[in-house]
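In: Build me a model:
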Amino acid sequence: MLWLKEREIASVAESVLNSEELDKTVVHLLVAAWNDGYAQGYVECSHHVVNAL
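Out: Sure thing, here's the model as predicted:
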């Protein structure tokens with residue numbers, strides 16, 4: 001049972017991180033931040049995304 005729990009949690013996390021919906025949402029947030037003049041926030045967010053990938 002422990003093995004299954006460990007593997008399923010990793011599988012769910014991997015699915016979320018690799019989802020197209022998440023990618024699209026992050027892009028929309030980055031574009032919105034940039035368009036609203038939050039250049040510093042945009043740069044910081046971009047660094048987090050790059051590091052996560």
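In: drop to CA atoms for contacts and neighbour counts, all remaining ones
Out: Will do.
In: Give me the buried positions along whichever strand or helix holds Val26.
Out: Assigned by DSSP states H and E, Val26 belongs to helix 20-35. Neighbour counts using 16 or more other C-alpha atoms under 10 Å place Leu30, Ala33 of helix 20-35 among the buried residues.
In: what packs against the helix or strand following it?
Out: Sequence order places helix 39-52 as the next helix or strand after helix 20-35, per DSSP H and E. Under the contact definition 3 or more C-alpha pairs under 8 Å, 6 or more residues apart in numbering; DSSP states H and E, helix 39-52 sits against helix 20-35.
In: Could you check how far the helix it packs on is from the centre of its chain?
Out: Mean C-alpha position of helix 20-35 versus that of the full chain (C-alpha atoms, centre = their mean, to the nearest Å) differs by 9 Å.
In: packing partners for it?
Out: Using 3+ C-alpha pairs under 8 Å, 6+ apart, the elements in contact with helix 20-35 are helix 39-52.
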